[in-house]
Each structure stands twice: as structure tokens, then as C-alpha cells.
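Novice: quick one: sequence plus predicted model below, questions after.
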Amino acid sequence: MKIEEFTLERIQSLYENTVEFNLSDSGVHPYSLNELLSAEQRAKLMEVELGYGWTNGAVELREDIAKLYRNRTSDEVIVTNGSAEANFLMVMSLIEPGDEIVVFVPNYLQIWGWARAIGANVKEVKLREELGWTPDLDEVRRAITPRTKLMTICNPNNPTGSLLSRETMDALVAIAQTQGCYLHADEVYKGAELETDEPPSFADLYEKAIITSGLSKAMALPGLRIGWLVGPAKDIYTAWQNKDYTSITTSALSEHIARVVIQPAKRAEILQRSKTILRENLALLTSWVKANDEFFSFVPPKAGGMAFIKYSHSMNSTELVHRLREERGIMLLPGDVYGMDGYIRIGIGAPAEHLSAGLERLSDYLKSQPR
């Protein structure tokens, strides 16, 4: 098996902790335990035994997660070490060499990479900037064939922050139903919608939906490393069997905290904090783009903790990002890691003063460069 370098994660792993201004993160500024938990809850945390738990996740936690979806049970949920493990288990449980899958791009390309590594035929359908970074449904219909086993989309989207309309979601479900294929949706940014109420999950719309989610992005708790898969019970059981070969179980402490934060009232409180931070920072970013429209333009995100910015300079996006890191102490993500040169991804979940200072360094740098 030949595994291609996961360029996005490699760049972040190497450099995100070495710069003064890290604007490469797509989540919301994380909580501390003191901010997140009451004194009583912290005291209960100190009583948690540090043993092995259920390898598919504590029963009570899986029941709580199932309640986030319509008509799902704990047997249709597996708890994972972050949504990255959920994506990995999904591919390893469903995809075989020679299978055909359809990936909507730009996207977080972990599934794209793993599927290619095991010998799947990966077809790409481009999200269209002129359609607000959503798919042309006729292009989707042309891409899907009787051989298509799964199509996978990130909604809300990473890196653009786009959000599918209910009509588009229903259309994608209808296309999947026609072929009988799985529909996978990475919904880790769900709950961080900036203009609308939280939409339904694809798991609420289609019996063969497979959902990746977790606490890292919209919920601002990446350090807990709690993710999950939701899907048909037989496929979740297969994922559980495969998990025996990977991480075995998740952290007892993290699972304990996860049960606290996904209770309805606490989850709503956390998501409201996320939306407040993101709305304020999006306003800041929008003003900055307007003030620097000679260099930058974008389709404003509708959800999630990032924006996909088009820049007018001729410099390659990876080269630009490395120069900004080396010469200005700013970390961004290049459009190259999504297969789209000429763009950069900027995180909008950081504290406002951090974002503002980093943006000023970015615009000052491009103004200093010959075009």
C-alpha cells in the first residue's frame, strides 16, 4: 500500500506551533476546563477511574450522541479518537480495492487519500464558486454510476465555509437513493451556522447515510479527541471490529466530559459562544477584504471557522504560505492542499486581536511584493 502524504496535516503538524500568528486552524478558540466545567463538575471529573472503557464508546455516551439525530440508536453510533479516526474507520469498513467513490472538492482530503491508498477509484466533483461553493447537481448526476459505492461531502464545507441548502441536501439524497449508494457527510462544523438555524443531519434524511462528527470544530474542544460515526448498525459494527486494530478505546476523561457537553442546554451554550466569536471575526475579515480588494476577494462563509480567500498575486499558494511563515510569522493554509492554487484558507475562530494582527501582516506583505 502506498499512502500519499496528507499535505494539509503535514504542513500544520510541522509549523502551526512555531509561528506568532497561527491563522491556519479551522475551529473555534478552545475552552479551558475551568471555563467549561463548574466546580462540581470538575470535582466529579477527579473521581473518574482511568481504566479501559467500552471499545465502541460508553453506552451512555452513545445513547446521548444518538439523541442528536432522528430515530437513531446507540447501536448506530461508534465513538472514536477524533473525527479523523471516524473517517479512517469509515473508509476501512466500507471501501474495497476497485470500488468507485465520488468526492466533492475542495474538501478535507483524508478520505480521498485513504481511498486511493487502498486502490479505490476516486472521482471528483467540483464545488462551484459561482454557486456559493456548492455542487452543480447535473454534474453530480453525471458522475454517479451503477458502480458508485459512496459519495462523500463535507457540510458545512472545509475550506470554504459553504452550507448546502435543504433543497440540495434532498437532491443529493435522491441521487444516492437512485443508485443505492452510501452518502457520507463530514458534519464536524455542523452547529456553527452563521445566518440560519442548524439544519438536519444527512443521517435524518437517508437510511444509508454515514456521518462523521465530533467535538473538535463547532464545539471548540479539539483536545478531548472525541469523534463519532453514525450509520447503519451493521456498518457501525464493522467499524467497531476494525477499531480493535487501531486505538482500542477513547479516553475515560474525555468521554466523561463529552457526556457533559452534549447535553442539550450545554451544547446550545457552547454553540452560541462559537457563533458569537465567528460572526464578530467574519465582520472583521469582511472589512479587511474590502479594504484590500486590490489583492483579495472571497465568498463569505455561511458556517464553520474558516474562509477561503482568493488572492490576485501570481505567487504559488504554497510558496506564499511558506514565505509568510518565514518572513512574517503568520501561518495560513495554501489552496494547493485542496488542489486549488490561488487561494488561501484563513481561520476565523481565533481571538479577534490575534486575527486582526495576523491579517495586517498578510496585507502588508503582499503590498510589499512585486506583482
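Specialist: On my side now, so go ahead.
Novice: what does stretch 162-171 rub up against?
Specialist: 127, 132-135, 137, 140, 153, 155-157, 172, 193, 196, 199-200, 202, 205, 299, 301-303 (C-beta atoms under 8 Å, 6 or more residues apart in numbering). The C-beta positions use only the backbone N, C-alpha and C, and glycine is treated the same way.
Novice: look up the closest residue to residue 369, ignoring the ones flanking it.
Specialist: residue 313 (6.5 Å; C-beta to C-beta, 6 or more residues apart in numbering).
Novice: do you know the pLDDT at the one you found?
Specialist: pLDDT for residue 313: 85.
Novice: ok, it - contacts?
Specialist: By C-beta under 8 Å, 6+ apart, the neighbours of residue 313 are 295, 320, 366, 369, 371.
Novice: how far away is residue 89 from residue 313?
Specialist: In this view, residue 89 and residue 313 are 40 Å apart by C-beta to C-beta, to the nearest Å.
Novice: whoops, residue 74 was the one
Specialist: Applying C-beta to C-beta, one obtains 51 Å for the distance of residue 74 from residue 313.
Novice: what does residue 323 give?
Specialist: Between residue 323 and residue 313 the distance is 11 Å, computed by C-beta to C-beta.
Novice: go on, residue 260?
Specialist: Distance from residue 260 to residue 313, by C-beta to C-beta: 46 Å.
Novice: what residues are up against residue 7?
Specialist: 336, 337.
Novice: and if we set it to 10 Å?
Specialist: The contact partners of residue 7, by C-beta atoms under 10 Å, 6 or more residues apart in numbering, come to 109, 113, 318, 333, 334, 336, 337, 338, 339.
Novice: and for residue 240?
Specialist: By C-beta under 10 Å, 6+ apart, the neighbours of residue 240 are 54, 55, 56, 57, 75, 78, 79, 89, 93, 229.
Novice: part of a strand, is the fifth one?
Specialist: What it means is residue 75. No. Counting by DSSP: H, G, I helix; E, B strand; the rest coil, residue 75 is not part of a strand but helix.
Novice: thinking it is in contact with residue 233, fair?
Specialist: Yes. Contact criterion C-beta atoms under 10 Å: residue 75 and residue 233 qualify, at 4.5 Å.
Novice: okay but residue 180 is in contact with residue 146, surely?
Specialist: Yes. Here residue 180 reaches residue 146: they are 8.9 Å apart, a contact under C-beta under 10 Å.
Novice: residue 188 contacts residue 217, doesn't it?
Specialist: Yes. Between residue 188 and residue 217 a contact is recorded at 4.7 Å, counting by C-beta under 10 Å.
Novice: burial of residue 27, as a residue count?
Specialist: Using other C-beta atoms under 10 Å, residue 27 is surrounded by 23 other residues.
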